[in-house]
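> sequence first, predicted model second:
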Amino acid sequence: PEMLRDAAFRGAYVKALGPITSGIRAQLTEASQQRAESLKSVDTAVGRIVRALADAGELRNTLIVFTSDNGYLRGEHRIVDGKIVPYEPSTRVPLVIRGPGFPADVLRRQLTGHIDLAPTMLRAAQTRANLRVDGMALQPLAASAAAGKGRQLLLEAGPQQVGGPWFYRG
């Protein structure tokens, strides 16, 4: 909404929201349960893919990447649903990578962005792009918790239409 675009950083939009009612809370709970059920089918499909790769002898040479295009609020900050606000549930997305150059069972907390996926895949494929690629390969960050410390990335939600007002930049 227009109000969110103009006042998101000042918090006026969130301050104006009322409390989440028990009815809305029940809807949010149901939606979360449905998402978890849907995720179970994805997990089953991924298991089949991984088994097929292993059976073909290609699993050790395959990079598997899971991420999302955006985070999504489901009641946080009293925002029932949405994704274009400058809060962590909206801006933080999952990123799970398995394959060459990524140690098993390791959690890293360095700042990354989707801009890093192309360089990561190029490095895994042991090739180069024929043009300048932004971002950085994530294999060094996976190898060392100290790699990439102090890195900064642009965070923005652009306009809904060409030439329109930006939601936010940071």
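Thanks, I have it.
> please compute how far the helix or strand where residue 29 lies lies from its chain's middle.
Assigned by DSSP states H and E, residue 29 belongs to helix 22-55. Mean-position distance between helix 22-55 and its chain equals 16 Å (CA atoms, centre = their mean, to the nearest Å).
> ok, the residue nearest the centre of the chain - contacts?
Centroid check for the chain by CA atoms, centre = their mean gives residue 93 as the closest residue, at 2.1 Å. Going by CB atoms under 8 Å, 6 or more residues apart in numbering, residue 93 touches 67-71. To be clear about C-beta, it is placed using only N, CA and C from the backbone, and glycine gets the same treatment.
> the residue nearest to it when sequence neighbours are not counted: neighbour count?
Excluding its sequence neighbours, the residue lying closest to residue 93 (CB to CB, 6 or more residues apart in numbering) is residue 68, at 4.5 Å. The number of residues packed near residue 68 is 12, by other CB atoms under 10 Å.
> from what I see, residue 53 and residue 63 are in contact.
No. Counting by CB atoms under 8 Å, residue 53 stays clear of residue 63, with 10.8 Å between them.
> measure the residue nearest to the centre of the chain to residue 144 for me?
22 Å (CB to CB, to the nearest Å).
> can you map out the helices along the chain?
Using DSSP state H, the helices of the chain run over 2-7, 12-16, 22-55, 88-91, 117-124, 139-143.
> from residue 80, how far out is residue 24?
For residue 24, the distance to residue 80 equals 6 Å [CB to CB].
> what does residue 100 give?
Separation of residue 100 from residue 80 (CB to CB): 42 Å.
> tell me which of the two has more neighbours.
Taking neighbours as other CB under 10 Å, residue 100 and residue 80 compare with residue 80 leading, 16 against 13.
> list the residues that contact the more buried one.
Applying CB under 8 Å, 6+ apart, we find residue 80 in contact with 20, 24, 28, 73-74.
> at 6 Å what do you get?
Taking CB atoms under 6 Å, 6 or more residues apart in numbering, we find residue 80 in contact with residue 24.
> do the one 10 residues further on as well
Residues touching residue 90, when contacts are defined by CB under 6 Å, 6+ apart, comprise 71, 73, 83.
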